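Participant: Just a sequence and a predicted model for now, questions to come.
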Amino acid sequence: MKLYKGLVAATVDALYNIFVKNRQADRVVEQLLKSNKKWGARDRAFIAENTYEMVRWWRLIKYAAEIEKAFEPEDFWKLAGAWLIIKPRHLGREEDGILPQWPEFEGIHAETVLERYTRALSTRKLAQSVPDWMDETAAQELGTKWDEELTALNQQAPVTIRVNTLKADLQTVINTFGPENISQVAGVPEALILKKRQNVTGTDAFRQGFFEVQDAGSQLIAPFLDIKPGMSVIDACAGAGGKTLHIAALLENQGSMLAMDIEQHKLTELVKRAERNGVKNLETLLIDDELALKNLVGTADRLLLDVPCSGLGVLRRNPDTKWKLKPQFLNSIRQVQWQILDHYSELVKKGGKMVYATCSILPSESEDQVKKFMKSRKKEWNLISEHRTSVAQDGFDGFYMALLERK
Ligand SMILES: C[S@@+](CC[C@H](N)C(=O)[O-])C[C@H]1O[C@@H](n2cnc3c(N)ncnc32)[C@H](O)[C@@H]1O
């Protein structure tokens, strides 16, 4: 494919924003693509793909380019050059990997880059491009499983959608995309995978609320909560409501759906999404003080605790987490998870159920928290079942879910 300087410059600009201005990769790409209406579908795909892949392989690329820290736009050009040289080998693409003679690429020696790239492949943290601390922490917790999980977490995720049964049925959404362009997912009844990447949120079907974008592993969490229409359900860490909307669909607009979070802007976004989805029974509550929860103690038939976590199970969708997550955050988030589990579980009524869920592959954020809870609360709670999804095993993002019942 012929390289266009404007598109490489846009990719360089995106990376500068992500790594120097510390902005979130998905937001940067979204805004960049919105900013230039002249770019066609292939241009947009080039910028999005190369930005995400460079973030994913950042450490490997820096090693190949012999750049320890990138600060200036010229460093980012050198890294983009090194990436374009190694990309055909690394992703198995039929591109030639020959750089155009642009002044920004001056001084890059393709042979040296390739020689350093090949050398890096024998050291996991370079070859799989992860920080030392993350490699060590995950290897310590997961043992030999980390190797295959990490390899799988470094592959591009498919575009997966969930059919919103409040507005559409599976066949309607299949027909919208064309049966030849979409496939169903065994064991996840409302999930569909696009065979070819496309911007699904730009479609009429999306605007009408026929579906949401949601990984198949994530789609297992709401049904795990054993919801029946008419129940009173609380989603305590609702965020912008990926799982709230699924729960609402399972409630069939009967009963009540209370979504809570500590960040108002997420709840505001959730209300917008709920409207599009045809959800009629949603209430939201901003938790700005623990007293906000006092009146809710013992009221929920079902409670979802989709707690904040490291996000190590969704690295393929958010590769910048590798570089933005710090070990100190991991320590403090485990304490937040424990507090949420310990305090919010009081909201469940006797005989009611709760799911504790994370999008982390680490047992210390998942199984160990539930073990600790059961140790101190075994007179009040039964652990009914636990389930894990894994990119390496089933191709879904790495989620953990535990179903508990209050006696
Ligand atoms: C994993 S995210 C939730 C994702 C969401 N459930 C979804 O499916 O889209 C965790 C959420 O917990 C919220 N959070 C963090 N601390 C909290 C707390 N103490 N109480 C309630 N929510 C909290 C965060 O703002 C974040 O939105």
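Facilitator: Done, it's in. Numbering: from 1, shown residues only.

Participant: can you tell me which strand in the chain is longest?
Facilitator: Longest strand in the chain by number of residues, with DSSP state E as the criterion: strand 348-358.

Participant: Distance of residue 94 relative to residue 6?
Facilitator: Residue 94 is 23 Å from residue 6, where distance means Cβ to Cβ, to the nearest Å. The way it works is simple: take the backbone N, C-alpha and C, and place the C-beta from them, glycine included.

Participant: more neighbours, these two?
Facilitator: Neighbours per residue, other Cβ atoms under 10 Å: of residue 94 and residue 6, the larger number sits with residue 6, 12 against 6.

Participant: Can you give me every residue that contacts that one?
Facilitator: Applying Cβ atoms under 8 Å, 6 or more residues apart in numbering to residue 6 gives no contacts.

Participant: and it, what element?
Facilitator: According to DSSP states H and E, residue 6 maps onto helix 5-19.

Participant: Show the average pLDDT along stretch 381-388.
Facilitator: The average pLDDT within stretch 381-388 is 98.

Participant: Next one: the residue nearest the centre of the chain from the ligand, what distance?
Facilitator: Nearest to the mean C-alpha position of the chain, counting by Cα atoms, centre = their mean, stands residue 314 at 4.1 Å. Applying Cβ to the nearest ligand atom, to the nearest Å, the value for residue 314 to the ligand is 9 Å.

Participant: Check the average confidence over stretch 120-133, would you?
Facilitator: On average, stretch 120-133 scores 98.

Participant: buried residues in it?
Facilitator: For stretch 120-133, burial by neighbour count (16 or more other Cβ atoms under 10 Å) applies to 120, 124, 125, 126, 127, 128, 129, 130, 131.

Participant: In JSON lines: those residues, plus distance to the ligand.
Facilitator: Shown next, in JSON lines, are those (distance: Cβ to the nearest ligand atom, whole Å):
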{"residue": "120", "distance to the ligand": "33"}
{"residue": "124", "distance to the ligand": "28"}
{"residue": "125", "distance to the ligand": "26"}
{"residue": "126", "distance to the ligand": "30"}
{"residue": "127", "distance to the ligand": "29"}
{"residue": "128", "distance to the ligand": "24"}
{"residue": "129", "distance to the ligand": "24"}
{"residue": "130", "distance to the ligand": "21"}
{"residue": "131", "distance to the ligand": "22"}
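
Participant: Helices - which of those land there?
Facilitator: The members of those that map onto helices under DSSP state H are 120, 124, 125, 126, 127.

Participant: all strands of the stretch 251-400 of the chain, in order?
Facilitator: 256-261, 282-286, 300-306, 348-358, 381-388, 400-406 (DSSP state E, counting those that start in this stretch).

Participant: looking at the ones you listed, which is buried most?
Facilitator: When you average the neighbours per residue for each of the strands of the stretch 251-400 of the chain (mean count of other Cβ atoms under 10 Å), strand 300-306 leads with a mean of 25.

Participant: what sits up against that strand?
Facilitator: For strand 300-306, the surrounding residues in contact (Cβ under 8 Å, 6+ apart) are 221-222, 225-227, 231-239, 243, 247, 255, 340-341, 344-345, 347-349, 352-358.

Participant: Give me the buried subset of the residues you listed.
Facilitator: Burial by neighbour count, judged by 16+ other Cβ under 10 Å, picks out 221-222, 225, 227, 231-239, 243, 247, 255, 340-341, 344-345, 347-348, 352-358 from these.

Participant: which bits of the chain sit near the ligand?
Facilitator: Neighbours of the ligand within the chain, by Cβ under 6 Å from any ligand atom: 236-243, 260-263, 266, 287, 306, 308, 336, 340.

Participant: residues contacting the nearest residue to residue 194 once chain neighbours are set aside?
Facilitator: Excluding the flanking residues, the one nearest residue 194 by Cβ to Cβ, 6 or more residues apart in numbering is residue 159, at 4.2 Å. If you count contacts by Cβ under 8 Å, 6+ apart, residue 159 has them with 193, 194, 197, 198, 200, 213.

Participant: and what of residue 257?
Facilitator: With contact set as Cβ under 8 Å, 6+ apart, residue 257 has these partners: 233, 235, 244, 247, 248, 251, 279, 281, 282, 283.

Participant: tell me the contacts of the fourth one?
Facilitator: What that stands for is residue 247. 222, 225, 227, 233, 235, 257, 302, 304.

Participant: Among these, which one sits closest to residue 187?
Facilitator: Ranked by distance to residue 187 (Cβ to Cβ), those are led by residue 222 at 14.4 Å.

Participant: does the closest one really touch residue 241, like I thought?
Facilitator: No. Look at residue 222 against residue 241 with Cβ atoms under 8 Å: they stay out of range, at 11.1 Å.

Participant: Among the contacts of residue 159, name the buried ones.
Facilitator: Applying 16+ other Cβ under 10 Å to the contacts of residue 159, the neighbour count classes 193, 194, 200 as buried.
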